[in-house]
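K.L.:
quick one: sequence and predicted model below, then my questions.
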Amino acid sequence: MLKTPPLQTASATIDTLCARLHSATLREDRRAAILGLRSFAKQYPASVASGSLRELLTTLRRDGLGEAGSTTDSLGRDGRRGSAAEGGDVDTIRLVLETLLMLFNPDSSSPEASDEIAYFMADGFSMRQDNVTLLLSLLDPASPFADYYSRLYSLQLLSAICAARPERLQECILGAPLGVSRLVAVLDDTRDAVRNAGLLLLVDLTSGANEELRKIVAFEDVFTKVFSLIRVEGGLAEAGITAQDCLSLLANLIKGSPSNQTMFRESGCVLQMTQMLEYAFPPSTPEAAFLAQAREKAAWGLLRLLQLFLEPGETNTAQNQAGFFRAGTAQVLIDLAFVAELPPPIRTLALKCTAALIASNAPLQEAFAALTIEAASFAPPELKVATQTNGSRSGHSSAKGSARASVERPRLYIIEALLDLTLAKAQADSPLRAAACSLIQAYLCNHDRIKAHFLARAIGGHADHEVAANVLNTLLHPDAGDAASVMYASWIVSDLVDDQLEAKAALAAVMEGNESEGEDVLTFIQALGSQLQAALQPADERLVAAYAGLLAVLLWDFADGVNSLLAEGSGLLQALVAAVSPASGDSLVVGLSAVLLGTIYEFSTKDSPIPRRTLAPLLAQRLGRSKYLDALSQLHRQPAIRDFDLIEPADEALLSRNFTDIFMLEFSRLRKAIDKDPGVEVLPFSVAEDGVDRDVLDELRQQVQTAKEALAVALEEKMKEQQVREQEVMAREKEVQTAGAEVERLRRINGAMQVGHEGELEGLGRRHEEAIGRYQSEHQRALEASKVEGERKIEERLREQGVAATQKVQEAERKAVEIGNTHRDEQSRHADTARQLEALTAQHTELGTREIEVRRQFEDLTLRHEKISREHGVLRTQAAQAGHELEHVRAESEARRENVIKLEAEMQELREELAGREAELATERAGFGDLEKELEGAKASLAAAAAAATRAQSKTPTGSTAAGDADVQRELVEAKEAERVAKEELEGMLLLMGDLEAKKDAYREKVKELGGSVSEDEDEEDEDEDGEEEEADEEGVD
């Protein structure tokens, strides 16, 4: 009965297919395995990727491209060789690439789906340069395998790798031959899918890429290709998402890259970009909503791209501004800004781009004022006639300067149109009006001549009561419910008067009111104060920000303006104090009121309509120091001010850049203003000398100049004396150093001689005792003589220098006392005059301070002299220590000499003891010889007795044998006893000789350690004697 085969799991099937792909020898078998793996790739990506990624890449290289002799797989796992000389197969390439793409994008419902799979696949590809090069080779149009699917799938694979490992892929593409060129060449592909995939890949690669890769991409003429692609697709409207991707690629290449911006300009793309901007205008005929939306998105991207060329502060900004302005970009931008059919965000961005185009560029600012726009659908009827506003006269003109072809219509100069949009279009979009205001500010930025002309035309229009938009009229006669116009006008006027004393004076001279009609005549500053007072009751945040910010900028460091405001400012001061007092008020209103109060008090004078001594109690008592400081701190914590230098000002900002700059720079000065004494004034240069008698002033100046000259002469003499003293001190220090060097040299000589002395003691021994004694005595005499002479010279020089220094110090003190007496006399003569003028008293006080400084310098010199004296004492102590060291060295030399004599005596005693021991040893040796002779005689007797016994035994008959044997045995025993006794005596003698030899060797070693010598003859005799004793021992043993 057949059994049902076990069900095969997906994991087992995948493992089987991976093993088949690895071991199959036929291409058909490998292709079948790939088809099986592809069927599992979506649901089991992790299992397929972990088991087959290496083999898939190997198959792609071997079977797909037909690379002969592929020695290893693409990831280097084994050494299996592929089939050689097999042709490539497009179908295999397609199968492998499809499988790899499925592994990068598995089904979301798969149990193995995870982001880690994409990272694993990307690492597997980017681990080796060859894998990325393989994919790039499929993009080569000349390759026989570069069909539609191969190119498309290769680009999609590269995009997937870039999404996971962008940095590594960038490195691999840079390292691949013609890698960037092949990627950029994809943009020329006529198939939309391939071209769009290549475009997306380039966008991803260049986003955050390094500068080198972006330069190489730009060098491949990518700018021209991108603009051609947009035109081929039908322009901004019909290109749709393709145009947006193209603009994203251009933005990635342009952003922060001066070299690419230069290449963009030099390749003629500025004109192409300007022409592309013209596609942003809506057509004259109705169009579909999706086309309008696509065109607006592309126009937004194109304007953002233009902003990247105009970043303030960059090195290429000025050149980019000139290039785009020459191409007519400014005219196109302002035409876009005043097309009512376009959405407000695009119009706002166009105005911002125009502001960046002309900012801080004087030639472009001057040329910008001559541009015009159509007035048919923009200007109200009263502005269609010729008018002159703020320095520009408008009237009927042709459409020649416009970027759009139109019939002959009335035109307005751009400054007129901007002022009208900013100040007179209350119904317009707020960001659009703010952008128009920023464009006017860019027109005025850093150009004093344009500022002066603009202000003169504004003052003239106000005086002539013109109905056209005018910043002064807007500030003095605001429209109800249109606080934004007042705010924008205050920003423009702040730019006109910031750091411009002439402009402030011109505005202060402007009068408001008709006296003939019974109206009160006020100055411009007083009128602004009245408007601010009205805005504070009740508080309107936007109006208060406009008027208070403008007054703070206008009155800063302008005492005449402060006096003009205080002439009619009692009500305003009370309103400002009341605005700061409530703790629950708006922090912006409270802070601005405190800033304006601090500015008025800081620059007021005793001659102001409300003097400083009247303002001080008002601030200190009615307002209070703590409330004033807290109000300033609240304003400083406002995000618009706190983060002013970190973020771009928002469209709904309330404060001007000029006010924020002044407040941030002068914040500490404003905090300290309330603590300033009312008697201390901050006077401008123009009134700094009012109220002073010039004759008295000239006389006092002459006296002060005489005192300064006398003091300068005294300081010069003192400086010379100080230089002389310093030279003398340096000379003394040099002499001390010379003496120290001499002592050191003698010490080194002493050390060298001592080392030589010890060497001679060790080397020569007894034979050089007399020479050593002579050298020691000469060395001692030389040391003593040099020591005495050196001490005598040092003491004489120190004594002479101390006397000279004391005399010079006394002379300097005497001159300093004379200078002090002279100065006191001069100060007493000018005491009456100093009391007449407090300012000159400060100068005399300064002279006294300088005198104190001179005395302090003299005290410093005295301290330095004492320090030098202490240093001399230290040197004298060091010389004494050197003498003690010499005495110590001499004592050591004497001790060593005595030690040598003692050691020589011990050596002599040891030699004598050694001679006695040797004589005793010779006696013992003689006795040993006698004992040896006795032993030899005993042996001979024993041998003779034995022989005689043998003979007797042979000759004696049997009866007498016993008696003869007894005699022989007795003699034999006696001989053996004699032999035993001789041997014992011999052994005792040998032990005694061994002890003597050991003692002799010990004495000989001790003699050598003490520096004595043992002759070689004695050693040889000892060796011979030892040899004879050893031979005798051997014979005795035998």
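P.N.:
It's in.

K.L.:
hey, where'd the strands end up in the chain?
P.N.:
Counting by DSSP state E, residue ranges of the strands within the chain are 372-374, 387-389, 392-396, 410-413, 511-512, 522-523.

K.L.:
quick check: which helices or strands does the first one pack against?
P.N.:
Using 3 or more CB pairs under 8 Å, 6 or more residues apart in numbering; DSSP states H and E as the contact criterion, the secondary-structure elements in contact with strand 372-374 are helix 329-337, strand 410-413, helix 414-423. Bear in mind the C-beta positions are built from the backbone N, C-alpha and C, glycine included.

K.L.:
sheet partners, orientation included, of that strand?
P.N.:
The strands beside strand 372-374 in its sheet (DSSP bridges) come out as strand 410-413 (antiparallel).

K.L.:
buried stuff in the strand it pairs with?
P.N.:
Buried residues in strand 410-413, counted by 16 or more other CB atoms under 10 Å: Pro410, Arg411, Leu412, Tyr413.

K.L.:
again, but for stretch 735-742
P.N.:
Result for stretch 735-742 [16+ other CB under 10 Å]: buried residues Glu735, Val736, Ala739, Gly740.

K.L.:
most widely separated two among those?
P.N.:
For the buried residues of stretch 735-742, the farthest-apart pair by CB to CB is Glu735 and Gly740; their separation is 9.6 Å.

K.L.:
which residue, other than its chain neighbours, is closest to Gln638?
P.N.:
Leaving aside its sequence neighbours, Gln638 sits nearest to Leu588 (CB to CB, 6 or more residues apart in numbering; 6.4 Å).

K.L.:
what's the burial count for that neighbour?
P.N.:
21 (other CB atoms under 10 Å).

K.L.:
check the gap between it and Asn210 for me.
P.N.:
As judged by CB to CB, to the nearest Å, Leu588 and Asn210 stand 45 Å apart.

K.L.:
again with Tyr443
P.N.:
From Tyr443 to Asn210 the distance is 39 Å (CB to CB).

K.L.:
what of Lys708?
P.N.:
As judged by CB to CB, Lys708 and Asn210 stand 64 Å apart.

K.L.:
need the contact list for Thr133.
P.N.:
Cys172, Ala176, Pro177, Gly179 (CB atoms under 8 Å, 6 or more residues apart in numbering).

K.L.:
farthest-apart pair in those, please.
P.N.:
Using CB to CB, the contacts of Thr133 span at most 11.7 Å, a distance reached by Cys172 and Pro177.

K.L.:
between these two, who's got more neighbours?
P.N.:
Cys172 (24 against 9).

K.L.:
buried residues, stretch 362-373. List them.
P.N.:
Leu364, Gln365, Phe368, Ala369, Leu371, Thr372, Ile373.

K.L.:
among those residues, which are in helices?
P.N.:
Those of the buried residues of stretch 362-373 mapping onto helices are Leu364, Gln365, Phe368, per DSSP state H.

K.L.:
closest one to Glu987 out of those residues, please.
P.N.:
Nearest member of these to Glu987, counting by CB to CB, is Leu364, at 129.5 Å.

K.L.:
count the residues that sit near the nearest residue to that closest one once chain neighbours are set aside.
P.N.:
Of all residues not flanking Leu364 in the chain, Ile358 sits nearest, at 4.4 Å (CB to CB, 6+ apart). Residues lying near Ile358 (other CB under 10 Å) number 24.
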